[in-house]
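A.B. asks: Just need the structure, nothing else, for what follows:
(one chain, ligands or ions: 1)
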Amino acid sequence: MNAVTAVAHPNIALSKYWGKAPGLQNVPAVPSLSVTLLGLQTRTTVEVGVARDRLVLNGTEVEGAATARVIALLDAVRVRAGSTLPASVTTQNDFPTASGLASSASGFAALALAASRAYGLDCDAGEVSNLARVASASAARSLFGGFVELVPGEAARVVAPPDHMDLELLVCVTTEAEKELSSRDGMNLTREASPYYGTWLTEAPRIHAELRAAVLAKDLPRVGELAEKIALAMHASAFAAGVIYFSGVTTLLYQHVRRLRARGVGAWATADAGPHLKVITSAKDAATLAADLLQVPGVLRVLRAKPGKGASII
Ligand code: 2P0
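C.D. replies: Now for the predicted structure:
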């Protein structure tokens with residue numbers, strides 16, 4: 001038996017992936033740029049040579065359709081490795097799962113890395129990232145640390161290392177519950193039913209290019225402004241298809257961040273496929289801002305995360 005353990009961290013997209021290129025293997029329709037987070041972690045062990053494929057997620061064995069993407073990733077690795085041996089996958093998140101905190105990003109990044117090593121593949125990080133992308137496109141970015149870009153049709157790549165610029169993310173946790181609509185279904189509904197999806201496909205690459213340049217220029221106010229703009233554009237296109245990830249607390253937080261900014265505080269908001277709000281700020285303002293955000297009714301916890309490193313074997 002061969003057991004390998006990998007850890008990976010979630011990432012938060014400053015410019016957002018929303019929508020898939022038609023007819024391809026989970027290739028994003030638009031480019032995205034994320035920050036891999038220090039602090040939050042998924043730890044995944046893959047043990048090859050057990051009796052059957054099985055998945056234990058956060059201490060509970062998962063059966064049926066929920067395991068399909070895990071088995072598909074194992075199958076892709078097995079085809080490359082020329083193996084038919086089953087594997088057990090044991091995975092643990094130290095933050096809420098399937099709730100818009102990028103657990104699929106860290107989960108599939110850790111799984112792709114642990115599985116490829118457990119089956120003896122000697123592929124580089126770009127190839128492991130491509131394996132992860134097919135399972136969950138945001139996972140392709142979590143293989144790498146710092147500021148990471150995923151451009152349609154290309155492997156994910158590092159834009160800048162973790163210490164490139166002064167930036168901290170404050171994750172306002174607003175629920176411990178799993179979301180009702182997966183990102184995948186939300187994206188498909190947006191493509192099928194939103195009158196603004198075409199506008200999103202045109203605008204997202206343009207804003208992404210500006211945001212990438214602002215990251216390279218270490219211009220935090222510009223990064224924050226563009227990140228807030230693209231997140232609102234993504235949600236506007238989804239809203240128009242009836243795809244609503246905001247809760248009342250998300251809206252309250254957005255308004256709160258705008259009021260803080262009007263008072264001169266360097267804080268910008270972004271939100272993903274869940275109700276939590278993520279606030280972009282500088283390290284010097286992070287402690288005061290985190291204490292302030294915790295006072296907003298409905299905020300359960302505020303997690304602080306700096307840019308961190310990519311996935312690794314332990
Ligand atoms: C992102 N999200 O760029 C965007 C912003 C959510 C909103 O990537 O279908 O779980 O597995 O490829 O990677 C969430 O989408 O979707 C996501 P699949 P994934 O972070």
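A.B. asks: Would you map the strands across the stretch 201-314 of the chain?
C.D. replies: Ranges of strands in the stretch 201-314 of the chain, per DSSP state E, counting those that start in this stretch, are 268-271, 277-281, 301-305, 312-313.
A.B. asks: any chance of the ones you listed in JSON lines, with mean neighbour count and mean pLDDT too?
C.D. replies: C-beta: built from backbone N, CA, C; applies to glycine. Below are the strands of the stretch 201-314 of the chain laid out as JSON lines (neighbours: other C-beta atoms under 10 Å; pLDDT from 0 to 100):
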{"stretch": "strand 268-271", "mean neighbour count": "25", "mean pLDDT": "98"}
{"stretch": "strand 277-281", "mean neighbour count": "27", "mean pLDDT": "98"}
{"stretch": "strand 301-305", "mean neighbour count": "18", "mean pLDDT": "94"}
{"stretch": "strand 312-313", "mean neighbour count": "13", "mean pLDDT": "97"}
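A.B. asks: And these: which comes nearest the ligand?
C.D. replies: Proximity to the ligand (C-beta to the nearest ligand atom) singles out strand 268-271 among the strands of the stretch 201-314 of the chain, at 8.1 Å.
A.B. asks: Would you reformat the strands of the stretch 201-314 of the chain as JSON lines and include distance to the ligand?
C.D. replies: Below are the strands of the stretch 201-314 of the chain laid out as JSON lines (distance: least, C-beta to the nearest ligand atom, whole Å):
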{"stretch": "strand 268-271", "distance to the ligand": "8"}
{"stretch": "strand 277-281", "distance to the ligand": "10"}
{"stretch": "strand 301-305", "distance to the ligand": "14"}
{"stretch": "strand 312-313", "distance to the ligand": "21"}
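A.B. asks: who wins for proximity to residue 165 among the ones you listed?
C.D. replies: When the strands of the stretch 201-314 of the chain are compared by C-beta to C-beta, strand 277-281 sits nearest residue 165, at 11.0 Å.
A.B. asks: Give me the number of neighbouring residues for residue 75.
C.D. replies: If you count neighbours by other C-beta atoms under 10 Å, residue 75 ends up with 12.
A.B. asks: check contacts around the residue of the chain most remote from its centre.
C.D. replies: Taking C-alpha atoms, centre = their mean, the residue of the chain most remote from its mean C-alpha position is residue 51, at 32.3 Å. Contacts for residue 51 (C-beta atoms under 8 Å, 6 or more residues apart in numbering) come out as residue 86.
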